[in-house]
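A.B. asks: Prediction below, plus the sequence it came from.
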Amino acid sequence: MSLKARISDDMKTAMKAKEAAKLAAIRLLLAAIKQKEVDERVELDDAAVAAVIEKLVKQRKDSVTQYEAANRQDLADAEKAEIAILAAYLPEKMSSEEVAAAVAAAVAQTGAKGPADMGKLMGVLKPQLAGKADMAEVSKLVKAALAG
């Protein structure tokens, strides 16, 4: 079953169970997926759906930071609940050792030697690690590998 189909099934389940918060988060997710499909005129695959979910989770994390800075814990808690619902659809994250191994393998594969090769290296790593690892962390590891 595709990720999009699973999300749709979960929406129906949330409707039947009258879980308002979960239903709202899933509807928001499906709307974002549909918007991306309409904008790009394509049917999104699981990797693209995961990218949409990651974007929504990142937005929620930014909102939590803003709400906590403004002493609005009630709104921050609501955003955290949405993050938990959305994160359930993301693939399992890779450990830092697995990410470091993937970076080392990509360096060996591409023959990257210096900072000028970072774009080429990230181009190889992004499709492999998207959704499975924090790309900011991957970028730091790539910079460290190319600097040394």
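C.D. replies: Sure thing, it's come through.

A.B. asks: Against which helices or strands is whichever helix in the chain runs longest packed?
C.D. replies: Ranked by residue count and defined by DSSP state H, the top helix of the chain is helix 46-69. Under the contact criterion of 3 or more Cβ pairs under 8 Å, 6 or more residues apart in numbering; DSSP states H and E, helix 46-69 touches helix 3-16, helix 20-40, helix 73-87. (Each C-beta comes from the backbone N, C-alpha and C, glycine too.)

A.B. asks: what does the longest one contact?
C.D. replies: Outside helix 20-40, the residues that touch it by Cβ atoms under 8 Å, 6 or more residues apart in numbering are 4, 7-8, 10-11, 14-15, 43-44, 48-49, 52-53, 55-56, 78, 81-82, 85-86, 89.

A.B. asks: Can I get the buried part of the residues you listed as one PyMOL selection?
C.D. replies: Of those, the buried ones can be selected in PyMOL as follows, counting by 16 or more other Cβ atoms under 10 Å:
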select buried, resi 4+7+10+11+14+44+48+49+52+53+56+78+82+85+86+89
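
A.B. asks: What distance do you get for the closest residue to residue 115 other than its chain neighbours to residue 113?
C.D. replies: Nearest residue to residue 115, sequence neighbours excluded (Cβ to Cβ, 6 or more residues apart in numbering): residue 146, at 5.2 Å. Residue 146 is 7 Å from residue 113, where distance means Cβ to Cβ, to the nearest Å.

A.B. asks: Done for today, thanks.
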